[in-house]
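S.K.: Can you look at this prediction? I've put the sequence above it.
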Amino acid sequence: MLVDTDVLIIGAGLSGVGFAIRLQQKYPRTSFEIYEKDEQLGGTWWANTYPGCACDVPSHLYSYSFALNPDWSAQFSSQPEIAAYCRAVAEEHDIPRHITFRSTVQAAVFDEPSGTWAVRILDQQTGQIYERRARVLISAVGLLSEPNDCEIPGAEEYKGRLFHSARWDHGFEWEGKDVVVVGNGCSATQFVPILTNTPGSAKSVTQFIRQPHWLEPRPNPVYPAAVKWVFRHVPLVMRCFRYAIFLYLESYFSTFKVVEGRKTRGQRMRSQIAYLKKMAPEKYYDMLIPMMELGCKRRVMDTDYLACLHRENMELVRHDPIERITAHGVRTESGREVHADAIVLATGFKGSQPLFPLGNEIRGEGGVSIMEDQHSARPQRILRHLRLALPKPLHPRRTEYSDGPYIRAVHRGMPDRVYAQGARSYTGFSAPMPIQAIRRIEAVPVHLEAVHAPSEDSEQAEYSLPYTPRRGKGEPVG
């Protein structure tokens with residue numbers, strides 16, 4: 001069957017852009033298209049623009065290995081700087097011309113007889129739905145793009161501003177206002193100190209939390225001009241610096257071995273409790289010290305959050321949860337009424353739902369969806385269309401490997417389909433699982449070469465799949 005493109009990539013964040021760059025570097029004649037639902041590339045670093053938004057992985061590590069940046073301003077970079085980096089790298093490699101913006105992938109079905117993916121796409125500007133057919137499907141939709149919905153009753157009655165931190169309302173001016181914050185994850189610990197800081201602070205910030213997190217100190221030294229000069233003119237120093245950061249962070253992984261790491265975990269927990277007691281008000285100790293063991297949830301870096309709890313306009317509430325949202329604020333289970341000019345939800349993302357909202361709309365062999373495959377008890381099968389030997393899976397249903405600030409995985413039962421996510425998205429580590437496979441599997445490139453091996457009369461076969469245009473991009477289905 002004729003195809004529109006060899007490879008179709010969903011998402012133009014760090015994962016999608018990185019995948020595209022590597023693909024064209026190794027197989028320059030392979031055709032590919034990227035579809036992005038937003039109006040700009042950058043993924044989570046385009047979508048999340050709340051005050052104080054920053055990365056909790058050191059910048060020199062949270063970057064592409066093939067595009068190191070000597071000009072990072074500080075150890076942990078802010079959202080605007082990371083977004084600018086992503087755009088600059090993409091433009092350097094001429095990726096934007098392959099991207100169709102404001103286009104939402106609605107569904108993808110693997111056609112077994114032809115061995116191709118039929119992908120249904122919505123053009124947000126015209127409302128037109130069209131289909132593209134590809135040999136390989138790359139899902140790079142990320143984990144931090146779809147915020148959790150508001151599950152508190154009464155939201156429809158509220159007369160103030162209500163928004164998720166990932167959809168920050170920049171028209172809201174919080175100075176002199178009463179603000180209620182729901183949640184205490186990474187996002188909240190970054191923007192709450194800014195809301196409470198003077199001048200221009202909110203009149204009051206009342207934060208409701210369910211479970212505390214282990215908080216680690218996060219010093220953020222600024223790189224002086226001399227250091228940047230060395231990084232730029234002696235790139236080996238910058239690469240060694242990056243590798244040193246990598247080794248330091250990955251050394252923590254041994255802490256999470258159930259038996260062998262128990263002593264180290266205990267030491268780190270005691271150290272973090274001591275830090276918390278040094279920085280936070282005593283009245284909040286019982287709300288802030290976790291009862292779970294270190295590592296049960298992803299770490300959270302302290303970006304002046306504990307210090308801001310001392311401010312008079314800041315209140316932390318844990319033992320009196322919100323019962324419902326009212327017209328002018330929230331009511332707690334004890335009956336307390338808390339006035340709010342705005343309610344900010346810092347309640348996380350739908351990261352545990354595979355490829356949300358596409359989980360039920362991506363169907364592989366036998367019409368099985370990603371969600372069905374995730375919970376299936378079917379035995380492991382060889383990805384027959386992949387035509388290469390896979391290592392023993394590191395997870396019962398997937399094989400992972402990494403090559404930048406993201407990981408990639410191949411689902412069984414989903415031939416010629418790979419998904420990519422931030423390498424530290426779940427655990428805070430990038431190496432322990434994927435590093436075992438990084439040199440043993442290069443799913444897409446090997447697939448491209450294996451299916452169409454070089455022939456004496458076809459130079460192009462060495463680099464890519466045969467490409468035959470089928471119809472113009474955006475032409476309606478049917």
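M.R.: Thanks, I have the structure now. Please read these numbers as outputs of a predicted model, since none were measured by experiment.

S.K.: Let me see the domain layout of this structure.
M.R.: Per the record, the chain has its domains at 5-146+351-462, 155-345, by automatic domain parsing.

S.K.: Kindly report which one of the ones you listed carries the lowest mean pLDDT.
M.R.: Of all the domains of the chain, the minimum mean pLDDT falls on domain 5-146+351-462 (a mean of 73).

S.K.: Using JSON lines, lay out the domains of the chain together with mean neighbour count.
M.R.: C-beta here means a position set from N, CA and C on the backbone, and glycine is covered the same way. JSON lines is the format used below for the domains of the chain (neighbours: other C-beta atoms under 10 Å):
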{"stretch": "domain 5-146+351-462", "mean neighbour count": "19"}
{"stretch": "domain 155-345", "mean neighbour count": "16"}
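
S.K.: Helices of the chain, start to end?
M.R.: 14-26, 44-47, 79-92, 186-196, 225-233, 235-250, 262-279, 285-288, 305-308, 370-374, 443-451 (DSSP state H).

S.K.: Can you say which of the ones you listed is nearest to Gly295?
M.R.: Proximity to Gly295 (C-beta to C-beta) singles out helix 262-279 among the helices of the chain, at 6.9 Å.

S.K.: Report all helices and strands that the closest one contacts.
M.R.: strand 215-217, helix 285-288, helix 305-308 (3 or more C-beta pairs under 8 Å, 6 or more residues apart in numbering; DSSP states H and E).

S.K.: For the shortest one, report the contacting residues that lie outside it.
M.R.: Defining contact as C-beta atoms under 8 Å, 6 or more residues apart in numbering, one finds that strand 215-217 is touched by Thr189, Gln272, Tyr275, Leu276, Leu288, Arg299, Val300, Met301, Asp302, Tyr305, Leu306.

S.K.: Can you redo those as CSV, where the extra columns are distance to His319?
M.R.: Listed next are the contacts of strand 215-217 as CSV, based on distance: C-beta to C-beta, whole Å:
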residue, distance to His319
Thr189, 20
Gln272, 22
Tyr275, 23
Leu276, 18
Leu288, 12
Arg299, 24
Val300, 20
Met301, 25
Asp302, 22
Tyr305, 19
Leu306, 19
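
S.K.: for those, which one is nearest Val368?
M.R.: Nearest member of the contacts of strand 215-217 to Val368, counting by C-beta to C-beta, is Arg299, at 35.1 Å.

S.K.: Surely that closest one touches Arg218?
M.R.: No: Arg299 lies out of contact with Arg218 (C-beta atoms under 8 Å); the separation is 10.0 Å.

S.K.: and for those two, which residues touch both?
M.R.: Asp56.

S.K.: distance of the residue nearest to Ile322 when sequence neighbours are not counted from Arg336?
M.R.: Leaving aside its chain neighbours, Ile322 sits nearest to Val330 (4.8 Å; criterion: C-beta to C-beta, 6 or more residues apart in numbering). Separation of Val330 from Arg336 (C-beta to C-beta, to the nearest Å): 9 Å.

S.K.: Also Asn184?
M.R.: Taken as C-beta to C-beta, the span from Asn184 to Arg336 is 19 Å.

S.K.: and if you look at Val89?
M.R.: Counting by C-beta to C-beta, the gap from Val89 to Arg336 is 50 Å.

S.K.: cool, Arg132 as well?
M.R.: From Arg132 to Arg336 the distance is 54 Å (C-beta to C-beta).

S.K.: and what of Glu146?
M.R.: 32 Å.

S.K.: just Tyr305 next, same as before
M.R.: Distance from Tyr305 to Arg336, by C-beta to C-beta: 24 Å.

S.K.: repeat for His164
M.R.: His164 is 24 Å from Arg336, by C-beta to C-beta.

S.K.: ok, back up a step: any chance of a markdown table for the helices and strands packed on helix 262-279, columns distance to Cys240?
M.R.: As requested, those are exported to a markdown table (distance: least, C-beta to C-beta, whole Å):
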| stretch | distance to Cys240 |
| --- | --- |
| strand 215-217 | 25 |
| helix 285-288 | 38 |
| helix 305-308 | 32 |
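
S.K.: Out of these, flag the one nearest Ser78.
M.R.: helix 305-308 (16.1 Å).

S.K.: Alpha carbons only: can I get stretch 33-44 in PDB?
M.R.: C-alpha atoms of stretch 33-44 as PDB (Å, rounded to 0.1, in the frame of the first residue of the first chain):
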ATOM      1  CA  GLU A  33       6.400  14.300   9.400                       C
ATOM      2  CA  ILE A  34       5.700  15.700  12.900                       C
ATOM      3  CA  TYR A  35       2.200  16.700  14.100                       C
ATOM      4  CA  GLU A  36       1.900  19.100  17.100                       C
ATOM      5  CA  LYS A  37      -1.300  20.100  18.800                       C
ATOM      6  CA  ASP A  38       0.100  23.400  20.000                       C
ATOM      7  CA  GLU A  39       1.100  26.400  17.900                       C
ATOM      8  CA  GLN A  40       4.800  26.100  18.800                       C
ATOM      9  CA  LEU A  41       7.400  23.400  19.400                       C
ATOM     10  CA  GLY A  42       8.800  22.700  22.800                       C
ATOM     11  CA  GLY A  43       6.200  20.400  24.300                       C
ATOM     12  CA  THR A  44       5.900  20.800  28.100                       C
END
